[in-house]
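# Return a 3D structure for these sequence lines:
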Amino acid sequence: MDTYSVDVVYQAISALFQGNNPKEQEKANKWLQDFQKSIYSWTIADELLHQKRDLHANYFAAQTMRNKIQNSFSELPPHTHESLRDSLITHIGQIDEQTDNVIVTQLSLAVADLALLMASWREPINDLLVTLAPHQCAIWPLLEVLKVLPEEIDSRYLRLGANRREEVHKQLDASAECVLKFLCMCLQREDLDQERVWNAALRTYSAWLVIHAFPVSHVYNNALTQLAFRLLSLPETSGKLHDNATECVCALLSCINTRQDSASDPESSFEAQLFGAVCMLETPYHLSVAHEDTDKTINYCRIFTSLCDAFFYDLLADAQKPHYSLKGLDLVLLCVGHFDYEVAEITFHLWYKLSEDLFQRNEDKLTVLFRPHIERLISALFRHSQMESDHDGLIEENNNFFDFRRKVSDLIKDVAFIVGSGACFKQMFHILQAPETTWESTEAALFIMQNVAKNILPDENEVIPKVVEAILNMSEQTHIAVRYTAILLIGELCDWIENHAESLEAVLNFLLYALQQKNGLAPAAAIALTSICSACRQKMVCHISGLVEIARSLDSFQINNDVAIGLLKGISLILTRLPREQLQPALREIVGFQLQPLAQLVDSTGGTAQKGERTDPVYWIDRACAIIRHTNPDVPDNVEHPTVAILNDAWQLISRVMDKYQSDLRIMERTCRLIRYGIRMVRKQAMMLVEPLIKQMVVLYSVQHHSCFLYVGSILVDEFAKSSECIDGLLEMLQAFIEPTFGLLQMENGLKNNPDTVDDFFRLASRYLDCCPHQLLQSSLITPIFQCALIACSLDHREANSSVMKFFINLLVWGRSNNHSRNAECRPLVVELASQHGGALVMNLIQASVFQLHSYMLVDVAEVLHELKQVVGNERMQPFLAQALDALPKKNSGGYVTATQQQLDEFSSTVLRADTTKAISQALKTFTRLFR
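The predicted structure is shown next:
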């Protein structure tokens, strides 16, 4: 194409980076993106790199070269690979002190990616060392190439495949000794900037450590490891060097293969030496704290935490003879005790890991061993959770401290069992009783208690009564944050209150008073009241009139709508326990409080819906939904459900909402959610709504394409398809949904842009297969739905793909041989469908698994293959598989073998032999790694 030349490309680069006209810049950007996709960009980028006109042109050319190798390497015929390699090495060799770091990185990545992709380049590391190491200026880019090469091995863009990755790892292992010698030699060169070379060498060394390229015997006693520990021990080490030395030590720790071996094992000796060296960093840690150098403190904390990660299974090996690495937890707890909570937060993943392992093992002696550590952890978290003494008001949501306390809350709930929730509660109670306890200590203690309260036995009578009494008698002068946390604690003690009914009246009065306050306490009171309604359902029945009043006055309280919805849920749980003659009027009244303002909004002509405000229909729909969803009385099938009359009365309003706000997806989704819960609650008693609802949904879906209508359709099928009089109408609904759905999905990127539609449509189709399989299978609709599902196999959206696979599974299940009468009538139809389209199904599933789907999705694919095998038998399945495997590429663009014939045969025979989905799933995961 004549429009692409070096000069034209250079003009476009200048227009993009140096122009002043935004429209022209956008135009230039689009043109350059198209240029990068063209095959001409290879030679023009190469030429721009040779010419070195300016920084922007050089950067663009280097980035283009890297992108082309990464994403479009297949464009190049194999005979051009060597000239590309030689040209790139020439560019790398011409880098000097003035070359921008970004360009160095892009060119280094280009060389590294080429080395990984180009199978004919047998010894890339040795070739680069021989070509570049003798030249002083080339040392820097060489170090960068050596750093990024191991990092790129698992790049999802390169898709090297398991065979090539294994080959590359062997290449790197073979070159590791040369690389180590080169790195150590760099440290000794006096003609290079010392700090710069130390930084670069340590980064490269770390990258090679992470892939475990060096033998253990080479790792500990070399100049780089010693340099890293020396730098970490010196207080004057610069921040950047300290960071790189930290990365190096963490990478060293990742090399530890903790096993129960004898102490004479050289690997055990290395582990002990490394552990000792890390322990020596305790003094530098204290110095960093004294100098308030938080960045270095964080680095030491990372190292100590990585140390415990590395020795984790040794820590837990034997409660009778604790391992020497237990001292590592003391180092971690030093960091947890640091005054900055951000340092403590670095260690949280370790405590989660420890608590999970102890919980799984369930060994008392092991739990007792770690109890002192968790006690120290909780004491430190108590201190970190304290607010500043001069803080007025409550903690603002979504600031860093609020987020930290949320993480503390999760962690305490996880580790509390190690010390015992009761012991933890008591420990905090003693803090509350201490003389002259500050308000911030009181609040933090209550906060910790709040997180363990649910796990305390409801018959506890020693501490909780005193705590509850103290909270109920708190004065108005108590700091607002203390009162807020105390109210939340009352809510968490709901099970205890349920077991101590004598305290309920006083607690309710206390919470009702707090709910009416305008000082920020109302949300806590509403949350606590919700918990108590949930736990004390039967005992709260006598308070229903007060709860109805609360529902009536909901908007007079200073609470947001989410909290209000929670409160309505709690009230609804109490409604459920009412006698029938009381339930329906109370339910109608509370639902009416929500529907009346909604009706006013629908009737109004002006104004727009402001999200989250009273003018937003969703505000009222969500409230009504919460009430209907959670009012679930035990009603016999032959008695009318109390919600039926309310749904009948509300239908006209719901219908008008759908008409008025049909273009607003958010409002439609919430309205459909209300309909869903209403139908689920009354089940077949909602029969009178089916026809008008289907008619309206079909019309709206054809115009608006909201997938929530498909979801409601699946609920209708689930509830009514077993009634023979409804089946024809439901199949007509499916037919009406198909045309707009297929029209939407057949547009460019239709599947990718509409995953919710795919999800809900195939969920709907699955419901038909569950409830009326024969009617669907003998209809003309099944073939186009099946063909659509074949195309949708490749969609890499978790929920959507899962629904497609479930559709295939639910369909194929009816083709199995068994004595069930429904199977007998469905089986021939399914066998015919599977025989006709089975080859295409296997082809699409294998292609999708290899090239599009994430590995966690392959379990569903395996289940489809397993069910198909049950239907068609191995005799038909074998050619389906052979055809699909034959269509896969045997070699990659770099010229290396993706899957050997032996590996293909092995996969095929495993699938054919497999008796379980799990066996096929495992085989699929192993097989797809060959192409990733």
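
# mind checking the end-to-end distance for stretch 309-329?
10 Å (C-alpha to C-alpha, to the nearest Å).

# list the buried ones in it?
Across stretch 309-329, burial judged by 16 or more other C-beta atoms under 10 Å covers 309-312, 314-317, 322-323, 325, 327-329. Bear in mind the C-beta positions are built from the backbone N, C-alpha and C, glycine included.

# Just the CA atoms of stretch 547-560, as CSV, please.
Output in CSV follows, covering the C-alpha atoms of stretch 547-560 (Å, rounded to 0.1, in the frame of the first residue of the first chain):
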residue,chain,number,x,y,z
LEU,A,547,-42.4,-2.4,63.5
VAL,A,548,-45.2,-1.3,61.1
GLU,A,549,-44.9,2.2,62.4
ILE,A,550,-41.1,2.0,61.7
ALA,A,551,-41.9,0.9,58.2
ARG,A,552,-44.3,3.9,57.8
SER,A,553,-41.8,6.4,59.1
LEU,A,554,-38.8,4.9,57.3
ASP,A,555,-38.0,8.1,55.4
SER,A,556,-37.9,10.2,58.6
PHE,A,557,-34.8,8.3,59.7
GLN,A,558,-31.3,9.4,58.7
ILE,A,559,-30.5,6.1,56.9
ASN,A,560,-29.7,5.3,53.3
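
# mind checking how far that stretch is from the chain centre?
Counting by C-alpha atoms, centre = their mean, to the nearest Å, stretch 547-560 is centred 36 Å from the centre of its parent chain.

# same question, stretch 376-384
Relative to its chain's centre, stretch 376-384 lies at 28 Å (C-alpha atoms, centre = their mean).

# Give me the contact list for it.
For stretch 376-384, the external contacting residues (C-beta atoms under 8 Å, 6 or more residues apart in numbering) are 333, 336-337, 341, 344, 351, 404, 408, 411-412, 415-416, 419, 424, 427-428, 431, 444-445, 448.

# how about 7 Å then?
Residues external to stretch 376-384 that are found in contact with it (C-beta atoms under 7 Å, 6 or more residues apart in numbering): 333, 336-337, 341, 344, 351, 408, 412, 415, 419, 424, 444-445, 448.

# Same question for stretch 643-653.
Contacts of stretch 643-653 (C-beta under 7 Å, 6+ apart): 587-588, 591, 595, 598-599, 602, 628, 631, 678, 681-682, 685-686, 688-689.

# buried set for that stretch?
Across stretch 643-653, burial judged by 16+ other C-beta under 10 Å covers 643-644, 646-647, 650-651, 653.

# Please apply the same query to stretch 355-371.
355, 358, 366-367, 369-370.

# Which pair of these spans the longest distance?
Of all pairs drawn from those, the one with the longest distance (C-beta to C-beta) is S355 and L369, at 13.4 Å.

# Going by distance to P740, which of the buried residues of stretch 355-371 wins?
Looking at the buried residues of stretch 355-371 and their distance to P740, the nearest is S355, at 50.9 Å (C-beta to C-beta).

# who touches that closest one in this structure?
Listed by C-beta under 7 Å, 6+ apart, the contact partners of S355 are 414-415, 418.

# Which of the three states applies to A470?
On the three-state scheme (DSSP: H, G, I helix; E, B strand; the rest coil), A470 is labelled helix.

# Return the residues in contact with L432.
442, 445.

# Pull out the buried positions in the helix or strand harbouring it.
L432 is part of helix 421-433, with elements assigned from DSSP states H and E. Buried residues in helix 421-433, counted by 16+ other C-beta under 10 Å: 421-422, 424-425, 427-429, 431-432.

# relative to helix 421-433, how tilted is whichever helix or strand comes after that helix?
For helix 421-433, the succeeding helix or strand toward the C-terminus, using DSSP H and E, is helix 439-452. If you take axes from the mean of the first three to the mean of the last three C-alpha atoms, to 10 degrees, helix 439-452 sits at 170 degrees to helix 421-433.

# Show me what helix 439-452 packs onto, helices and strands only.
With contacts taken as 3 or more C-beta pairs under 7 Å, 6 or more residues apart in numbering; DSSP states H and E, helix 439-452 sits against helix 364-384, helix 400-419, helix 421-433, helix 480-492.
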